[in-house]
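Student: Show me how the following folds:
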Amino acid sequence: MNKTVGTLMVFFDGQFWVGVFEKVTDGKLSVCKVTFGAEPKDSEVYDFILKNYYNLKFSPEVESTAKTTARNPKRQQREARKQVHSFAIGTKSQQALKLQQELMKTDRKNTKKERREADKQRHFELKQKKRKEKHKGH
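Tutor: Numbering: from 1, shown residues only. As a prediction, the model looks like this:
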């Protein structure tokens, strides 16, 4: 049975308000980072989730160990309160974000290289065309 757990952490990183979506499916963690800019209200965050969740680009999945043990409700309450007051991103999430960043970087490099090669080819063809026109005569 597929079990998916999703969390959203919104925090201020010193310059902008950032939201980190974490999705754990079958023990595999994938993460997406969204920059909100100004401090978002709860209703704005909720609307963003409803409208844009399926358009988010999550990182490749990373192995994650999640314990599923029955816990005391009071302990769960304490841990939830602790999570609300802390704003640090988990190390697994950081690794997943870094992996996504590296993949996007390689994609950008590849597209930039292809564009540069196409430009070179176009300039070469233009030069060849000009040379042929010069030799055609008056």
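
Student: for the nearest residue to Ser64 once chain neighbours are set aside, what are its contacts?
Tutor: Closest residue to Ser64 apart from its sequence neighbours, by Cβ to Cβ, 6 or more residues apart in numbering: Leu29 at 3.8 Å. (Each C-beta comes from the backbone N, C-alpha and C, glycine too.) Residues in contact with Leu29, defined by Cβ atoms under 8 Å, 6 or more residues apart in numbering, are Glu22, Lys23, Glu61, Val62, Glu63, Ser64, Lys92, Ser93, Ala96.

Student: In strands, which of those fall?
Tutor: Those of those mapping onto strands are Glu22, Lys23, Val62, Glu63, per DSSP state E.

Student: just checking, what packs against the helix or strand of the chain with the lowest mean pLDDT?
Tutor: Ranked by mean pLDDT, DSSP states H and E, the weakest helix or strand in the chain is strand 62-63, scoring a mean of 79. Applying 3 or more Cβ pairs under 8 Å, 6 or more residues apart in numbering; DSSP states H and E, one finds that strand 62-63 contacts strand 28-37, helix 91-134.

Student: Kind regards, and thank you for your time.
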